[in-house]
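Colleague: the following block contains a protein sequence and its predicted model.
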Amino acid sequence: MQMARGAVIDLQSVTKKKVAHSRSWALLDSNGEAQTLDADKYAIMHRVRIHARDLRILDPLLSYPSTILGRDQAIVLNLEHIKAIITAEEVLLRNPSDEHVIPIMEELCRRLPKGSANQRTDLLGDGQEQLNESHDVDAGDEDESPFEFRALEVALEAICSFLDARTTELETDAYPALDELTSKISSRNLDRVRKLKSGMTRLTARVQKVRDELEQLLDDDDDMADLYLSRKLAGASSPVGGSVAPNWAPASPTIGSRIGRASRASAATTHGNENDVEELEMLLEAYFMQVDGTLNKLTTLREYIDDTEDYINIQLDNHRNQLIQLELLLSSATVAVSIYSLVAGIFGMNIPYPWNTGHGYLFKWVVVLTGLFCIGIFSVIMAYARYKGLIGT
């Protein structure tokens with residue numbers, strides 16, 4: 001009875017810990033200031049104006065695939081361990097105490113403030129001005145991107161780097177293990193490769209989900225338009241919709257400053273079109289290519305594993321063929337020896353025959369001729385098997 005009560009108490013304590021853990025959020029504003037927010041789901045729903053089904057996607061106790069959803073006033077982001085809600089002015093990040101989430105919080109605090117890059121360059125000496133001139137231009141490009149895009153880029157960069165790091169670790173462990181397996185087939189090496197292949201299958205599924213989500217966004221302009229929170233907010237507050245549009249550019253180090261300037265030029269020519277999603281499309285394409293490259297690495301690794309399995313199967317088939325040839329050789333020898341045993345058995349019968357007496361000189365001839373006959377039978381069988389290709393030459 002006491003054990004049952006203890007189990008119930010432990011279960012209740014674990015449940016309370018999970019509930020408390022699910023209530024913990026990190027709030028980061030546009031100035032890069034972070035604070036811990038302890039709120040239930042109803043408070044979060046009221047704060048960011050999303051439905052319960054959208055918030056349920058971010059529940060750590062439930063398993064949902066990677067998702068990027070655009071809502072009226074928020075972006076719901078579920079990418080592996082990154083579970084966040086992005087608005088036009090703040091970011092809500094779930095499970096801030098997680099070891100994988102802490103670096104993301106630090107990067108958000110560094111890159112969310114608009115003037116952070118310029119402040120850093122102002123602290124440098126006068127001797128570094130010419131060297132950092134191009135960097136200042138890039139920092140200016142980054143400052144012009146909307147808040148939600150800077151936060152989205154940090155999340156995409158983090159998940160792409162995370163998946164690429166896991167892939168690199170898997171490659172580092174897999175290729176030596178496969179080479180060792182080809183040199184020596186053993187139960188230990190087979191079990192090691194089996195575990196690596198299982199891990200590769202799981203990682204491939206995770207990378208594929210992120211890739212499919214980015215591809216789905218890139219294929220639908222309406223979904224990408226829903227991610228322009230600042231544009232929708234400016235359109236709602238402006239008396240004349242679409243008369244003033246901010247000049248936005250993607251803040252991606254992967255894309256580069258030239259693409260940023262090109263996107264701003266394109267935005268300047270089409271800033272009146274609310275359905276223009278070229279800037280976000282270029283941002284997503286950069287990380288889509290990165291995830292696609294990670295998926296190609298895993299595909300190459302899978303092909304290498306398949307080639308190793310084929311090579312091992314060929315080796316096993318070769319050994320099996322050698323065993324069959326040995327079995328054929330032994331079976332042929334058994335047939336020849338059985339003939340010799342038949343003759344020995346006939347002459348060894350204890351039955352009186354008239355030719356048994358006085359013919360002892362024939363014994364050696366019987367032995368020699370029977371042996372030669374058995375050798376001839378064995379040679380004929382081997383020649384026939386070699387002729388049919390049953391054994392090697």
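Modeller: Thanks, I have it. Computed from a prediction, not measured in an experiment: that's the story for all the values here.
Colleague: which residues of the stretch 251-393 of the chain score low on pLDDT?
Modeller: For the stretch 251-393 of the chain, the stretches with pLDDT under 70 are 251-275, 350-361, 392-393.
Colleague: quick one: contacts for the most centrally placed residue in the chain?
Modeller: Nearest residue to the geometric centre of the chain (C-alpha atoms, centre = their mean): L203, 2.6 Å. Applying C-beta atoms under 8 Å, 6 or more residues apart in numbering to L203 gives the contacts 163, 166-167, 170, 298. All C-beta spots, glycine's among them, are computed from the backbone N, C-alpha and C.
Colleague: helices - which of those land there?
Modeller: Among the contacts of L203, DSSP state H puts 163, 166-167, 170, 298 in helices.
Colleague: leaving out the residues flanking it, which one is nearest to V277?
Modeller: Distances taken as C-beta to C-beta, 6 or more residues apart in numbering put M224 closest to V277, at 4.0 Å, once the chain neighbours are dropped.
Colleague: find me the pLDDT at the one you found, would you?
Modeller: We note a pLDDT of 89 for M224 in this prediction.
Colleague: for it, what are phi and psi?
Modeller: M224 adopts backbone torsions of phi -70, psi -40, taken as degrees, to the nearest 10.
Colleague: and what of L37?
Modeller: With angles defined as degrees, to the nearest 10, L37 sits at phi -120, psi 120.
Colleague: that one pairs with what?
Modeller: Residues in a beta bridge with L37, per DSSP bridges, are W25.
Colleague: surely it is in contact with L92?
Modeller: Yes: L37 lies in contact with L92 (C-beta atoms under 8 Å); the separation is 7.1 Å.
Colleague: compare neighbour counts for these two and give me the winner.
Modeller: Comparing L37 with L92 by other C-beta atoms under 10 Å, the one with more neighbours is L92, at 22 against 17.
Colleague: and that one, how close does it get to A34?
Modeller: Using C-beta to C-beta, to the nearest Å, we find L92 at a distance of 11 Å from A34.
Colleague: so what sits against both of the two?
Modeller: In terms of C-beta under 8 Å, 6+ apart, L92 and A34 are both contacted by the residues 26-27.
Colleague: tell me which helix or strand comes right after the strand or helix carrying Y42.
Modeller: Y42 is part of helix 41-48 when elements are defined by DSSP states H and E. Using DSSP H and E, the helix or strand that follows helix 41-48 towards the C-terminus is helix 52-56.
Colleague: show me the contacts for the closest residue to D226 other than its chain neighbours.
Modeller: For D226, ignoring the flanking residues on the chain, the nearest one in space by C-beta to C-beta, 6+ apart is G70 at 2.9 Å. By C-beta under 8 Å, 6+ apart, G70 lies in contact with 223-227.
Colleague: can you pull up the bridge partners for G70?
Modeller: When assigned by DSSP bridges, G70 has beta-bridge partners I75.
Colleague: need the strands for this protein, in chain order.
Modeller: Along the chain, the segments classed as strands by DSSP state E run 24-29, 34-38, 67-70, 75-79, 82-86, 90-94.
Colleague: any idea of the mean pLDDT in the third one?
Modeller: For strand 67-70, the mean pLDDT works out to 90.
Colleague: likewise the fifth one?
Modeller: Strand 82-86 comes out with an average pLDDT of 91.
Colleague: list the pairing partners of it within its sheet, with orientation.
Modeller: Assessed with DSSP bridges, strand 82-86 is paired to strand 75-79 (antiparallel), strand 90-94 (antiparallel).
Colleague: right, so of the ones you listed, which gets closest to A333?
Modeller: Closest to A333 of the strands paired with strand 82-86, according to C-beta to C-beta: strand 75-79, at 68.1 Å.
Colleague: hmm, S145 and S230 touching each other?
Modeller: No: using C-beta under 8 Å, S230 is not in contact with S145, being 9.5 Å away.
Colleague: compare neighbour counts for these two and give me the winner.
Modeller: S145 (26 against 18).
Colleague: returning to that earlier point: reformat the strands of the chain as CSV; add distance to D212.
Modeller: Formatted as CSV, these follow (distance: least, C-beta to C-beta, whole Å):
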stretch, distance to D212
strand 24-29, 27
strand 34-38, 31
strand 67-70, 10
strand 75-79, 12
strand 82-86, 17
strand 90-94, 22
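Colleague: these: which one's closest to V380?
Modeller: Across the strands of the chain, V380 has its closest neighbour in strand 75-79 (73.1 Å, C-beta to C-beta).
Colleague: quick check: mean pLDDT across that closest one?
Modeller: Taken as a whole, strand 75-79 has a mean pLDDT of 91.
Colleague: can you give the distance of it from its chain's centre?
Modeller: Put simply, strand 75-79 sits 19 Å off its chain's centre (C-alpha atoms, centre = their mean, to the nearest Å).
Colleague: just the C-alpha atoms of it, please, in CSV.
Modeller: In CSV, the C-alpha atoms belonging to strand 75-79 read as follows (Å, rounded to 0.1, in the frame of the first residue of the first chain):
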residue,chain,number,x,y,z
ILE,A,75,4.3,33.2,-36.8
VAL,A,76,4.1,29.8,-35.1
LEU,A,77,7.4,28.1,-35.5
ASN,A,78,8.0,24.4,-34.6
LEU,A,79,11.4,23.2,-35.9
